[in-house]
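Novice: Below is the sequence, then the predicted model.
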Amino acid sequence: MASKEEENIQLAQIASKETEEMIGVDNEEANQLQANSNGKRLKRIDSLDLESSRVSGMASHGSVSINNHLHINLLTMASIFQLAFQSIGVVYGDIGTSPLYVFASTFTDGIHHPDDILGALSLIIYSLTLLPLVKYVFIVLWANDNGDGGTFALYSLICRHAKVSVVPNQQAEDTELSTYKLATPSRQLKRALKIKEALENSNAANGILLVLALLGTSMVIGDGVLTPCISVLSAVQGIQTVDKSLSQEAVAMISVAIIIILFSAQRFGTQKVGYSFAPAILIWYSFISIIGIYNIAKHDTSVFKAFNPKYIFDYFKRNTKQGWISLGGIVLCITGTEAMFADLGHFSVRSIQIAFTGIVYPALICAYVGQAAYLRKFPENVADTFYKSTPNAVYWPMFVVAIIAAVIASQAMISATFSIIKQSMALDCFPRVTVIHTSSKYEGQVYIPEINFILMIACVVVTAAFKDTTRIGNAYGIAVVGVMIVTSTFLTLVMLIIWQTHLFLVVSFVIVFGAIEMVFFSAVLYKFPEGGYLPLAFAAVLLLVMYVWHYVHVKRYAYELEQKVSTEFMLSLGSSLSVTKVPGIGLLYTELAQGVPAIFEHFVRNLPAIHSVLVFVCVKYLPVNTVPAGERFLFRHIGPKEQKMYRCIARYGYRDTRTGNVEFENQLLEFLKGFILSDNIYSYHLNNQPESEGNNCERAESIVDIGAVSENAAMNACLMERVEEELDFLEDAKKTGVVYLLGDSEVVASKDSSLFKRFIVNYAYDILRRNCRKGQAALEIPHRNLLQVGMTYYI
């Protein structure tokens with residue numbers, strides 16, 4: 001008994017030390033708590049998570065500054081250059097292979113004036129400079145969500161600063177996470193607060209933001225389909241230059257075989273793929289740079305005049321409508337730009353910036369200027385500019401490298417697709433699929449087998465059906481510009497609400513980049529009948545899937561919240577003779593962050609037995625990319641303490657990986673022990689105070705000075721005996737076994753629902769639910785420990 005008491009005393013002292021280190025209770029609070037212990041009533045805060053997040057072992061790193069926390073995670077320079085090298089193979093393959101088809105797609109009817117080449121080159125130079133370099137490298141990349149990029153990262157960033165999420169599971173304590181970073185400068189604060197308030201009070205604005213996020217995601221996935229098609233086809237077509245007998249059907253079949261090999265390699269992960277592909281892409285950039293410089297020196301050095309934007313105005317003056325239509329080809333020089341942002345979670349801001357400014361941008365400028373120099377002398381070869389401008393001595397090496405580079409180009413958008421789908425799943429905007437983390441070092445590197453297979457089938461069908469890069473290029477432009485417009489829209493909100501940028505700079509950003517993107521978009525829409533419908537069709541299907549899944553999830557959550565179990569029922573469980581207590585621990589999973597789900601009452605009424613220790617577990621994803629392990633679990637009592645019912649909220653970011661079932665179970669129970677210890681210390685302190693007012697079903701523990709109590713606790717044998725008894729009870733229950741209670745709910749539209757709503761809920765959602773990954777599989781729950789409870793939700 002003595003050793004047990006000593007052990008619990010040490011545990012209390014450790015709790016005190018951890019609380020002081022991790023929470024950093026200031027002097028005023030400590031003095032107030034000391035005064036409370038001398039006879040004043042304790043200050044109560046009736047918020048579950050705010051209090052339970054302060055108990056030993058479960059607190060946020062309050063005294064540890066965010067800057068110090070982030071400093072620990074800063075990559076070394078060696079790692080930055082290592083990631084920059086990898087990013088060349090993963091991120092920049094797509095934009096790097098654009099020289100294969102840009103001039104051919106721009107001048108589909110041939111070149112009618114020599115200076116049109118200079119006009120097109122000037123458009124290419126300034127498109128590359130303004131959009132990928134200025135907008136993305138120097139502006140958009142800094143709008144990352146703690147290192148994650150993409151449409152959903154921007155959306156979650158906005159949701160974190162303005163309550164625009166349509167799922168009502170936000171809690172004030174979520175803002176205490178070290179990764180939330182809500183502190184903003186005071187300048188322009190008044191304007192930012194007005195915009196934030198307007199967004200929060202408008203359901204229409206919330207819905208529009210969600211649809212924009214889903215639309216941007218759909219467009220990125222559409223890019224993931226079209227990039228392999230156009231890149232591989234354009235590279236393989238080069239063989240027709242030396243073997244004109246090779247038919248277009250044969251070229252398409254060769255391309256299909258290469259695409260299948262590419263998608264088969266995805267299972268090895270981004271890191272291995274990046275290391276394998278990066279040297280080849282580096283060789284590719286070296287080749288196109290050297291050949292570009294060779295063509296400039298040999299054919300026409302006057303092409304440098306294209307750096308004068310005057311030639312852009314002359315080009316449009318000469319060609320008017322035809323010049324505007326040709327922008328659909330010019331825009332292809334910036335394909336893959338969004339991959340820089342969408343793939344950011346795989347790498348880092350600095351690595352992406354170094355690779356683009358140091359290697360990619362200079363090489364592309366050399367390649368396009370060199371091709372323009374060649375076309376000034378041989379304008380009749382514009383349909384096959386790339387291979388015709390390649391010297392005969394290096395034609396075959398260039399052809400081989402082009403094939404390899406085209407395959408690698410597809411990797412950029414494939415990786416981006418995996419990342420963005422994982423993000424959308426975490427925010428309940430995509431059906432559950434298997435996510436495999438392929439790197440133990442970098443969390444953002446993932447592989448999704450189901451999506452990989454669907455992308456492969458879609459690429460094979462498009463390549464085999466179109467067989468031509470011109471029509472695929474028409475489709476490609478819409479997807480590229482569509483994603484850019486969505487990114488610009490979200491970035492404008494980030495500037496106004498989060499960065500609080502000066503209004504003049506925000507307006508300048510919108511006018512300059514918005515005008516450029518809208519002009520490009522109008523040009524690519526002109527080619528809608530010639531293949532432009534393809535990405536819009538992809539986007540429409542994906543948008544429908546994501547919207548249906550999210551819509552039903554929100555409605556189901558609202559139903560559960562409305563039908564939650566009453567306080568009276570929970571209190572009656574302790575005195576009810578009809579409910580049997582069985583040994584063991586029950587973990588009942590629920591989506592509710594507050595209240596007890598109706599499925600629990602349904603379970604008890606049909607099977608009147610509950611476990612001796614019952615924990616309601618809510619796995620909750622927050623609009624942050626990661627939640628530190630020390631801030632993951634939040635606990636609270638449900639009902640009287642004697643019932644031994646607890647609520648546990650396990651919080652994750654959209655980039656976090658949920659640990660295996662055994663590890664998760666052990667972590668949860670260890671944190672529960674810490675909560676029990678802190679709860680008893682609080683109760684000991686409270687017993688010396690006047691009786692508190694009220695008694696809620698869910699009882700919250702106040703913040704107390706555990707350090708001040710621990711000395712008294714060490715001398716109090718009754719307290720130590722109670723702690724020992726509860727911890728032993730929990731340990732015995734664990735030895736008996738842990739059973740997982742999971743709802744197998746069927747969602748049905750209510751009888752008074754419209755025909756459209758019944759179609760969405762009863763048919764569209766039901767098809768998705770039956771074909772996605774099951775809840776127990778996603779939570780990695782072993783079948784032998786699983787007890788499912790069926791229930792029908794009418795929404």
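Specialist: Arrived safely. Treat the numbers as computed from the prediction; the structure is a model and nothing was measured.
Novice: Point me to the helix or strand that includes the closest residue to residue 223 other than its chain neighbours.
Specialist: Excluding the flanking residues, the one nearest residue 223 by Cβ to Cβ, 6 or more residues apart in numbering is residue 413, at 4.5 Å. (C-beta placed from N, C-alpha, C; glycine too.) Following DSSP states H and E, the helix or strand that holds residue 413 is helix 395-426.
Novice: In the sheet, which strands lie alongside the helix or strand following that helix, parallel or antiparallel?
Specialist: The element immediately downstream of helix 395-426 (helix or strand, assigned by DSSP H and E) is strand 436-437. Strand 436-437 has the following sheet partners, assigned by DSSP bridges: strand 446-447 (antiparallel).
Novice: I'd like the next helix or strand past the longest helix along the chain.
Specialist: Identified as the longest helix of the chain according to DSSP state H is helix 203-236. Next helix or strand after helix 203-236 toward the C-terminus (DSSP H and E): helix 248-264.
Novice: quick one: residue 476 from residue 331, how far?
Specialist: Distance of residue 476 to residue 331, given as Cβ to Cβ, to the nearest Å: 9 Å.
Novice: Tell me the residues that contact both of the two, please.
Specialist: Residues touching both residue 476 and residue 331 (Cβ atoms under 8 Å, 6 or more residues apart in numbering): there are none.
Novice: show me where pLDDT drops low in the chain?
Specialist: 1-75, 164-189, 269-276, 412, 438-445, 574-578, 659-660, 684-716, 775-780 (pLDDT under 70).
Novice: Mind jotting down where the strands sit in it?
Specialist: 436-437, 446-447, 580-589, 609-622, 633-637, 645-653, 738-748, 786-794 (DSSP state E).
Novice: will you turn those into JSON lines that also has distance to residue 722 and mean neighbour count?
Specialist: Shown next, in JSON lines, are these (distance: least, Cβ to Cβ, whole Å; neighbours: other Cβ atoms under 10 Å):
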{"stretch": "strand 436-437", "distance to residue 722": "43", "mean neighbour count": "14"}
{"stretch": "strand 446-447", "distance to residue 722": "46", "mean neighbour count": "22"}
{"stretch": "strand 580-589", "distance to residue 722": "20", "mean neighbour count": "18"}
{"stretch": "strand 609-622", "distance to residue 722": "16", "mean neighbour count": "21"}
{"stretch": "strand 633-637", "distance to residue 722": "15", "mean neighbour count": "24"}
{"stretch": "strand 645-653", "distance to residue 722": "17", "mean neighbour count": "22"}
{"stretch": "strand 738-748", "distance to residue 722": "24", "mean neighbour count": "19"}
{"stretch": "strand 786-794", "distance to residue 722": "31", "mean neighbour count": "14"}
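Novice: what would the ones you listed look like in JSON lines with distance to residue 92?
Specialist: JSON lines is the format used below for those (distance: least, Cβ to Cβ, whole Å):
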{"stretch": "strand 436-437", "distance to residue 92": "23"}
{"stretch": "strand 446-447", "distance to residue 92": "20"}
{"stretch": "strand 580-589", "distance to residue 92": "42"}
{"stretch": "strand 609-622", "distance to residue 92": "31"}
{"stretch": "strand 633-637", "distance to residue 92": "41"}
{"stretch": "strand 645-653", "distance to residue 92": "27"}
{"stretch": "strand 738-748", "distance to residue 92": "44"}
{"stretch": "strand 786-794", "distance to residue 92": "46"}
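Novice: do you know which of the ones you listed lies nearest residue 374?
Specialist: Between residue 374 and those, the shortest gap by Cβ to Cβ is with strand 446-447, which sits at 40.8 Å.
Novice: Residue 338 and residue 482 touch, don't they?
Specialist: No: using Cβ atoms under 8 Å, residue 338 is not in contact with residue 482, being 9.8 Å away.
Novice: In terms of packing, which of those two has more residues around it?
Specialist: Each of residue 338 and residue 482 has its neighbours counted (other Cβ atoms under 10 Å); residue 338 has more, 32 against 25.
Novice: Name all residues that make contact with the more buried one.
Specialist: Taking Cβ under 8 Å, 6+ apart as the definition, contacts of residue 338 comprise 136, 220, 223, 416, 480, 483, 484, 487.
Novice: any idea which of these is closest to residue 315?
Specialist: Among these, and counting by Cβ to Cβ, the member closest to residue 315 is residue 480, at 21.2 Å.
Novice: Name the member of the contacts of residue 338 with the most neighbours.
Specialist: residue 416 (31 neighbours).
Novice: quick one: it from residue 336, how far?
Specialist: From residue 416 to residue 336 the distance is 9 Å (Cβ to Cβ).
Novice: Repeat that for residue 581.
Specialist: Applying Cβ to Cβ to residue 581 and residue 336 gives a distance of 61 Å.
Novice: How about residue 397?
Specialist: For residue 397, the distance to residue 336 (Cβ to Cβ) stands at 24 Å.
Novice: what's the burial count for residue 308?
Specialist: If we define neighbours as other Cβ under 10 Å, then residue 308 has 12 of them.
Novice: residues contacting it?
Specialist: Residue 308 neighbours (Cβ under 8 Å, 6+ apart): residue 122.
Novice: Tell me how far it lies from residue 454.
Specialist: Where residue 454 is concerned, residue 308 sits at a distance of 47 Å (Cβ to Cβ).
Novice: One more: residue 245?
Specialist: Counting by Cβ to Cβ - residue 245 and residue 454 are separated by 35 Å.
Novice: Neighbour count for those two, which is higher?
Specialist: It is residue 454, of residue 245 and residue 454, that has more neighbours when counted by other Cβ under 10 Å, with 16 against 6.
Novice: Residue 656 versus the residue sitting nearest the centre point of the chain, what's the distance?
Specialist: In the chain, the centroid-proximal residue (Cα atoms, centre = their mean) is residue 423; its distance is 2.8 Å. Taking Cβ to Cβ as the measure, residue 423 falls 11 Å from residue 656.
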